[in-house]
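Asker: quick one: sequence plus predicted model below, questions after.
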Amino acid sequence: MAAPGLRPGLGRLFEMPAALGRVRRAYGTSQAFAEVLRLPKKQLTKLVFPLQELERHLVPDSKHEFHLKIFDPSLEDIARAESIFTVTAQNRIEYLSSAERLDHAPALPRPEVCFIGRSNVGKSSLIKALFSLAPDVEVRVSKKPGHTKKMNFFKVGKYFTLVDMPGYGYRAPEDFVDMVETYLKERKNLMRTFLLVDSVVGIQKTDNIAVEMCEEFALPYVMVLTKIDKSSKGHLLKQVLQIQKFVDTKTQGCFPQLFPVRCFTVKLENQVKVGK
């Protein structure tokens, strides 16, 4: 089963020396990003294109009706994305405020993106990883589900505001539905919703409720698969194909590409940096 656009993107990443120099001059990439690009090809592919890692385990004459859809960013695209989350004098990244109700939320002119998912799906961990280049921004992560009780607003430079929503399901706030539904329905500057799904267990009933809200309010949203390092390749491939089928047949506003994330470490001289 072919995945269009995957091989060209991979080829660009392997043309690293000259490209990395250009990217560094243009965006000032971090040492962590540079170290990732120096990884052996097999390890780099696994980190940057995890869907390709799964694709090669499919039987060539497989009769799977649904194909893995590949979003193909260039090296420059990835570096620019990193620069957006890098603190500079001109690019301030900071926590703004928290709110239990929409009318308590800060009135902000810039575009907004929100992250939503079941309790303990790894939402706060992912947001913490996104802010890894902004060490003064505190994103609290807990091993106990239901840690986030309010909508937390973070300024990401002049680009957008990032909103960490309370988790639904176990230990969700009592007014979760009113809080989140009102926000999704009425927040005028909400441009994209990132819906996190646990790849180990797949789409659950509570996830369906979140999907239904996004569809009902005609919101553009993205499905992010977390914890892909917690399953065998066979189990993960089964889940990915099922979720891809769900996106293709049951949704209208969901971006067709699934975005899998995993935990990994990159050694930086005598330090270890944790990313996602």
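Answerer: Happy to help now that I have it. Since we're looking at a predicted model, the values are computed, not measured.

Asker: after the lengthiest helix in the chain, next one along is what?
Answerer: Of all segments of type helix in the chain, defined using DSSP state H, the longest is helix 233-250. Using DSSP states H and E, the helix or strand that follows helix 233-250 towards the C-terminus is strand 259-260.

Asker: now do that following strand: everything it contacts.
Answerer: 50-51, 71, 199, 222-225, 228, 240 (CB atoms under 8 Å, 6 or more residues apart in numbering). (C-beta placed from N, C-alpha, C; glycine too.)

Asker: could you pull out the helices for the protein?
Answerer: Remark: helices of the chain, listed N- to C-terminal, are 6-14, 16-27, 31-37, 41-48, 50-55, 75-84, 123-130, 176-186, 205-216, 233-250; assignment by DSSP H.

Asker: got JSON lines for the ones you listed, with distance to residue 166, mean pLDDT and mean neighbour count too?
Answerer: Output for those, formatted as JSON lines (distance: least, CB to CB, whole Å; pLDDT from 0 to 100; neighbours: other CB atoms under 10 Å):
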{"stretch": "helix 6-14", "distance to residue 166": "35", "mean pLDDT": "44", "mean neighbour count": "15"}
{"stretch": "helix 16-27", "distance to residue 166": "34", "mean pLDDT": "56", "mean neighbour count": "14"}
{"stretch": "helix 31-37", "distance to residue 166": "30", "mean pLDDT": "74", "mean neighbour count": "18"}
{"stretch": "helix 41-48", "distance to residue 166": "30", "mean pLDDT": "75", "mean neighbour count": "14"}
{"stretch": "helix 50-55", "distance to residue 166": "28", "mean pLDDT": "74", "mean neighbour count": "19"}
{"stretch": "helix 75-84", "distance to residue 166": "25", "mean pLDDT": "85", "mean neighbour count": "17"}
{"stretch": "helix 123-130", "distance to residue 166": "9", "mean pLDDT": "90", "mean neighbour count": "21"}
{"stretch": "helix 176-186", "distance to residue 166": "6", "mean pLDDT": "84", "mean neighbour count": "17"}
{"stretch": "helix 205-216", "distance to residue 166": "12", "mean pLDDT": "92", "mean neighbour count": "17"}
{"stretch": "helix 233-250", "distance to residue 166": "23", "mean pLDDT": "91", "mean neighbour count": "16"}
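
Asker: indicate which one of these is closest to residue 194.
Answerer: In terms of CB to CB, the element of the helices of the chain nearest to residue 194 is helix 123-130, at 8.5 Å.

Asker: pull the CA atoms of that closest one into PDB?
Answerer: Taking C-alpha atoms only, helix 123-130 is exported to PDB below (Å, rounded to 0.1, in the frame of the first residue of the first chain):
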ATOM      1  CA  LYS A 123      -2.500  16.400  26.500                       C
ATOM      2  CA  SER A 124      -0.500  18.400  29.100                       C
ATOM      3  CA  SER A 125       2.700  16.300  28.300                       C
ATOM      4  CA  LEU A 126       2.400  17.200  24.600                       C
ATOM      5  CA  ILE A 127       1.800  20.900  25.400                       C
ATOM      6  CA  LYS A 128       4.800  20.900  27.700                       C
ATOM      7  CA  ALA A 129       6.900  19.400  25.000                       C
ATOM      8  CA  LEU A 130       5.700  22.100  22.500                       C
END
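
Asker: can you give me the angle that helix makes with helix 75-84?
Answerer: Using axes from the mean of the first three to the mean of the last three CA atoms, to 10 degrees, the inter-axis angle of helix 123-130 relative to helix 75-84 is 100 degrees.

Asker: average pLDDT across the strand ranked longest in the chain?
Answerer: If each strand of the chain is counted by residues according to DSSP state E, the longest one is strand 190-198. When the per-residue pLDDT values of strand 190-198 are averaged, the result is 96.

Asker: just checking, what packs against the longest helix of the chain?
Answerer: helix 50-55, strand 221-226 (3 or more CB pairs under 8 Å, 6 or more residues apart in numbering; DSSP states H and E).

Asker: what are the contacting residues of the last one?
Answerer: Right, strand 221-226. 117, 121-123, 126, 192-199, 214, 239-240, 243, 247, 253-255, 257-261.

Asker: geometric centre of this protein: which residue is closest?
Answerer: Nearest to the mean C-alpha position of the chain, counting by CA atoms, centre = their mean, stands residue 224 at 5.3 Å.

Asker: what about it, distance to residue 121?
Answerer: Per CB to CB, to the nearest Å, residue 224 is found 9 Å from residue 121.

Asker: I appreciate the help and will end here.
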